[in-house]
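Visitor: Any chance you can model this:
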Amino acid sequence: MNTPVAAVETVGLGKRYRRTWGLQDCSFTLPQGRVAALVGPNGAGKSTLLRMLAGISTPSAGTITVLGQSPRTQSVEALSRVAYLDQDRPLYKDFRVEEILRFGRELNPRWDELRARRHLEELRISLTSRIGKLSGGQQAQVALTMCLAKRPELLLLDEPVAALDPLAREDLMQILLESVEEDGTTVLLSSHAVTDLATVCDYVIFLSASRVQFAGELDHVLAVHRLLVGPVGTESTSLDEATIISSITAGRQSTLLVRCEEPIIDPAFEVLEPTLEEIVLAYLRADASTAYLRSEPRRRMRRGAPNDISVVQ
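Guide: Below you'll find the predicted structure:
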């Protein structure tokens, strides 16, 4: 039985800018057919990673395969299978929308004109409008329409909702879900709108300090993290097998976010299920202090458990 080819696989991937590493020792595998959230603080390397996956930037170290091929092959067939939307959404401002569509149609062998026109009609964007006259949100929608009309197998989106209002963000997420359902498209998108991501994503990759800190199924990420609320200074042996990600003290109450493969049952704490946003915020706090990278040995998570989150530290 043949093993399905991963949508993305990186091993020791790195990008160096003179003396500074924009991304380092990045290793993860993204299965096909997933909608994956790429999250992390500013400067973590999210845009750097996406540009290398799109074949725009050359790695300084490590290996990378996209749909079983190197993104640097730049063959017509390889390029047609991947669509990339840069966070700056570079479009020809003097072009009319219909001219942009013709441009895409002539360059992409898998182009779906009907889909492109249907999306723009639903968004009430006129084909005769000049790109430069559209709002920032409308330009973002045109750029996304261009990507989807390619009918890509892998869709890479860098901050696609940054210029959109809440209703437009909801529409975009719905369009992404429809694309995944219709074509089996794999989507990897970076965004700070974690609440929106949680509604559509089933996979999460967390970058900080230019490295992948964890990557895995969203359900598993949620399952192995817990919020513990208790009095300040509470000690418990139930945390021996857990990694403490962050700790917040407010008055006499302490709130811990921990990662642990085993269930936590402890009368000293109220054990709560965190949201994806709470988990991401905890890792961002940990990134700021780097405390979780220096956690005590007894608090390090056991490795090698079945269905474990991929962790690189």
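Visitor: Surely V212 forms part of a strand?
Guide: Yes. Assessed by DSSP: H, G, I helix; E, B strand; the rest coil, V212 belongs to a strand.
Visitor: Per-residue confidence, it, what does it come out as?
Guide: In this model, V212 is scored at 87, pLDDT.
Visitor: D196 looks like it's in a helix, true?
Guide: Yes. Under three-state DSSP, D196 falls within a helix.
Visitor: element containing H220?
Guide: helix 218-223 (DSSP states H and E).
Visitor: on contacts alone, who are the packing partners of that helix?
Guide: strand 203-208, helix 276-289 (3 or more Cβ pairs under 8 Å, 6 or more residues apart in numbering; DSSP states H and E). Bear in mind the C-beta positions are built from the backbone N, C-alpha and C, glycine included.
Visitor: if you set the cut-off to 6 Å instead, what comes out?
Guide: strand 203-208 (3 or more Cβ pairs under 6 Å, 6 or more residues apart in numbering; DSSP states H and E).
Visitor: What are the buried residues along the helix holding H220?
Guide: Neighbour counts using 16 or more other Cβ atoms under 10 Å place 218, 220-222 of helix 218-223 among the buried residues.
Visitor: For A149, which non-adjacent residue is closest in space?
Guide: A116 (3.8 Å; Cβ to Cβ, 6 or more residues apart in numbering).
Visitor: hang on, isn't the one you found packed against R151?
Guide: No. The pair A116 and R151 fails to qualify as a contact (Cβ atoms under 6 Å) at a distance of 10.3 Å.
Visitor: And this structure, split by domain according to the record?
Guide: Using automatic domain parsing, the domain parsing of the chain gives 8-218, 224-305.
Visitor: Look at L167 and give its secondary structure.
Guide: Criterion first, three-state DSSP; result for L167: helix.
Visitor: neighbours around it, how many?
Guide: For L167, the count of nearby residues is 9 (other Cβ atoms under 10 Å).
Visitor: could you measure it against V161, distance?
Guide: For L167, the distance to V161 equals 11 Å [Cβ to Cβ, to the nearest Å].
Visitor: Need the buried residues of helix 218-223 in TSV (columns: pLDDT).
Guide: Compiled in TSV, those are given as follows (pLDDT from 0 to 100):
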residue	pLDDT
L218	92
H220	92
V221	92
L222	92
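Visitor: Nearest to L79 among those residues?
Guide: L79 lies nearest to L218 out of these, by Cβ to Cβ, at 29.5 Å.
Visitor: That closest one is in contact with I205, isn't it?
Guide: No. Counting by Cβ under 6 Å, L218 stays clear of I205, with 10.5 Å between them.
Visitor: partners of Y17 in the sheet?
Guide: Beta-bridge partners for Y17, by DSSP bridges, are T20.
Visitor: What score does it have for pLDDT?
Guide: Y17 is given a pLDDT of 90.
Visitor: Could you report the neighbour count for it?
Guide: 10.
Visitor: cool, L49 as well?
Guide: That count, for L49 with other Cβ under 10 Å as the rule, works out to 31.
Visitor: follow-up on the earlier one: the residue nearest to A149: which element?
Guide: Per DSSP H and E: helix 113-122 holds A116.
Visitor: List the contacts of the closest residue to M52 other than its chain neighbours.
Guide: Nearest residue to M52, sequence neighbours excluded (Cβ to Cβ, 6+ apart): P59, at 5.6 Å. Contact analysis of P59 by Cβ atoms under 6 Å, 6 or more residues apart in numbering lists 13, 15, 52.
Visitor: Let me have the residues you listed in TSV, extended by neighbour count and secondary structure.
Guide: Below are these laid out as TSV (neighbours: other Cβ atoms under 10 Å; DSSP: H, G, I helix; E, B strand; the rest coil):
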residue	neighbour count	secondary structure
L13	24	strand
K15	22	strand
M52	26	helix
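Visitor: quick one: which of these is nearest to E241?
Guide: For the contacts of P59, the nearest to E241 is L13 (30.6 Å; Cβ to Cβ).
Visitor: measure that closest one to M52 for me?
Guide: Distance, L13 to M52, by Cβ to Cβ: 7 Å.
Visitor: picking up where we left off before, average pLDDT for the helix or strand that the helix holding A116 is followed by?
Guide: Counting by DSSP H and E, the element after helix 113-122 in chain order, helix or strand, is helix 136-149. The average of the pLDDT scores along helix 136-149 is 88.
Visitor: hmm, who's touching helix 136-149?
Guide: So helix 136-149 is in contact with 83, 85, 89, 91, 104, 111-112, 115-116, 119-120, 123, 125, 163-164, 168, 179, going by Cβ under 6 Å, 6+ apart.
Visitor: what does stretch 264-278 give?
Guide: 194-195, 198, 225-230, 234, 236, 238.
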